[in-house]
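# need a 3D model of the sequence below.
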Amino acid sequence: MRIQGPALRLTVFVGESDRWNHRPLYTEIVHRAHRAGLAGASVLRGCEGFGASSRIHTSRILSLSEDLPMVIVIVDAERKIRAFLPELDELVEEGLVIIDPVEVIRYTGRGMEGEA
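Numbers count the residues shown, from 1 in each chain. All right, here's what the predicted structure looks like:
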């Protein structure tokens, strides 16, 4: 798979304790993105943050939190990102979903460097 040029970055902010059918929500989002054929997804665990509740969640030892921020980032062609949005409508009850236009300089899937 090769992506180059204009694309969209889909970023989803949820909490570490958010669940979908007893499974971490971020895991469900990544697996659905994979099934949808998106180019890739990365999950980043935040060390500190706050959201709509205005409660600060932190990983510092004196105030351990079990609900740290989790960020899922997906970059792909606009049509594929927009086609995936109904999945997020179903999954994300509390959280933030943003879309940014980006320019991909070069992305080639592993083992595909020789393909045009």
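# next one: the residue nearest the centre of the chain, what pLDDT does it get?
What sits nearest the mean C-alpha location of the chain, by Cα atoms, centre = their mean, is residue 72, with 1.9 Å. Per-residue confidence (pLDDT) for residue 72: 98.
# now the one 4 residues further on
Residue 76 is assigned 95 on the pLDDT scale.
# how about residue 44?
96.
# any figure for the gap between the residue nearest to the centre of the chain and residue 5?
For residue 72, the distance to residue 5 equals 23 Å [Cβ to Cβ, to the nearest Å]. In short, each C-beta sits where N, CA and C put it, glycine included.
# can you map out the helices along the chain?
Taking DSSP state H to define them, one finds helices in the chain at 25-35, 78-91.
# redo these as CSV? Include mean neighbour count.
Formatted as CSV, the helices of the chain follow (neighbours: other Cβ atoms under 10 Å):
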stretch, mean neighbour count
helix 25-35, 18
helix 78-91, 14
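# go through the ones you listed and name the closest to residue 10.
Residue 10 lies closest, by Cβ to Cβ, to one member of those: helix 78-91, at 5.0 Å.
# show residues contacting that closest one.
Residues from elsewhere that reach helix 78-91, judged by Cβ atoms under 8 Å, 6 or more residues apart in numbering: 6-8, 10, 12, 20, 25, 28-29, 32-33, 36-39, 74, 97, 99.
# and residue 74, bridged to which residues?
Beta-bridge pairing for residue 74 (DSSP bridges): residue 10, residue 41.
# which ones are touching it?
9-12, 33, 38-42, 81, 84.
# before we move on, the earlier item: of all the helices of the chain, which one is nearest residue 49?
Nearest of the helices of the chain (Cβ to Cβ): helix 25-35, 14.2 Å.
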